[in-house]
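[1] Just a sequence and a predicted model for now, questions to come.
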Amino acid sequence: MRIATWNVNSIRQRLDHLLYWLKEVEPDVVCLQEIKCVDEAFPRQEIEALGYNVATHGQKTFNGVAILSKFPMEVERGLPGDDADEQARYIEATIPHGATIVRVASIYLPNGNPAPGDKYDYKLRWMNRLISHTRELLKLEEPLVLAGDYNVIPDERDARDASAWATDALFLPATRAKFRELLDLGLTEALRATTDADGLYTFWDYQAGAWQRNNGIRIDHLLLSPQAADRLRGVAIDSEMRAREKPRDHVPIRVDLD
DNA sequence: ATGACTTGCGCGGCAAGA
């Protein structure tokens, strides 16, 4: 089962890139972030035409997440823990896979800049909610994949120039500590289960020729429960999508599970 | 040294992103 995540920075812009990639890579499940539209505006027909079921949790102008699946799915929208939170950043699906089911969440974790400030406080509160919810999900002992744009640079090797991010909400010690707290519940970070290499990025800024200089950061992650990690067969970053004309700033990252 | 793009909204620039 091939499961991917991609922050598309508006689903309606350059839908052709997404459709091309879906045909080329043939993922079974795709987690999308920053669709930047309400559910009614999502280009559902074009994606369904490629054989996908579509579940969205949209919002006007900002945020918005979705899951595409070749298999039927049951869906929950929103991250538990704060009924007053109106930002669409979490959608979760259970998907039958052989004799078991796989649970997949599409996560758009808050950016948090500027830090310190209200936005950074919201980021840390959101991470606490994600930790609480994940603790409950892990009790199910299912194959679980938490995939998305975490807006977290886990380690110095995950940025071309870590010193440039020293005071940024994506790299502050408190951010990285929360991310470790999440992993320490018993999750495996898929890419780091397969390689210790530096220079592997999923985001390059639009500005200042960041792509041409490979000045990137690794902030899109797939976190696996033990039952999913046991099935891990490979990880790939589709960085060639960043080289296309009018690219998104993020590229897809994906896992293959038995 | 600084700023450097791109999006939605909606028609003038601003907020937000990372």
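    In hand now; what should we look at? Numbering: from 1, shown residues only, chains lettered A, B, ... in the order given.
[2] Around DNA strand B, pick out the residues from the stretch 101-250 of chain A.
    A:110-111, A:113, A:119, A:149, A:151, A:170, A:203, A:205-208, A:217, A:219, A:246, A:249 (CB under 7 Å from any atom of the strand). C-beta here means a position set from N, CA and C on the backbone, and glycine is covered the same way.
[3] mind listing what the nearest residue to A:Glu40 once chain neighbours are set aside touches?
    Computed as CB to CB, 6 or more residues apart in numbering, the closest residue to A:Glu40 that is not its neighbour in sequence is A:Gly58, at 8.0 Å. Going by CB atoms under 8 Å, 6 or more residues apart in numbering, A:Gly58 touches A:Ile35, A:Cys37, A:Val38, A:Asp39, A:Glu40, A:Ala41, A:Phe42, A:Gly64, A:Ala66, A:Ala88.
[4] Apply 10 Å and report the result again.
    Counting by CB atoms under 10 Å, 6 or more residues apart in numbering, A:Gly58 touches A:11, A:35-42, A:64-66, A:77, A:88, A:91.
[5] One more: A:Arg103?
    Here A:Arg103 is in contact with A:73-74, A:76, A:92-95, A:137, A:140, A:142-146, A:225, A:227-228 (CB under 10 Å, 6+ apart).
[6] ok, now A:Met73?
    By CB under 10 Å, 6+ apart, the neighbours of A:Met73 are A:29, A:53-55, A:67, A:92-96, A:101-104.
[7] what do you get if the cut-off is 6 Å, keeping everything else the same?
    Applying CB atoms under 6 Å, 6 or more residues apart in numbering, we find A:Met73 in contact with A:Asn53, A:Ala93, A:Ile95.
[8] A:Ile95 now?
    A:Ser69, A:Phe71, A:Met73, A:Val102.
[9] Can you give me the distance of the residue lying closest to A:Pro43 once chain neighbours are set aside to DNA strand B?
    Nearest non-adjacent residue to A:Pro43, counting by CB to CB, 6+ apart: A:Leu15, 5.5 Å away. Relative to DNA strand B, A:Leu15 is positioned 10 Å away (CB to the nearest atom of the strand, to the nearest Å).
[10] for A:Pro143, same thing?
    Taking CB to the nearest atom of the strand, one finds A:Pro143 at 27 Å from DNA strand B.
[11] Tell me which residues touch that residue, please.
    A:Val102, A:Gln227, A:Ala228.
[12] go again using 7 Å as the cut-off
    A:Thr100, A:Val102, A:Ser225, A:Gln227, A:Ala228, A:Arg231, A:Leu257 (CB atoms under 7 Å, 6 or more residues apart in numbering).
[13] so the fifth one makes contact with A:Val145?
    Yes: applying CB atoms under 7 Å, one finds A:Ala228 in contact with A:Val145, separated by 5.5 Å.
[14] Which PyMOL command selects the buried ones in the contacts of A:Arg103?
    Restricted to buried positions by 16 or more other CB atoms under 10 Å, the PyMOL selection for the contacts of A:Arg103 reads:
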select buried, chain A and resi 73+92+93+94+95+137+142+143+144+145+146+225+227+228
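[15] ok, the residue in the stretch 51-200 of chain A that DNA strand B sits nearest to - contacts?
    Using CB to the nearest atom of the strand, the single residue of the stretch 51-200 of chain A nearest to DNA strand B is A:Asn111, 3.3 Å away. Contact analysis of A:Asn111 by CB under 7 Å, 6+ apart lists A:Asn151, A:Ala169.
[16] Around A:Asp220, how many other residues sit close by?
    27 (other CB atoms under 10 Å).
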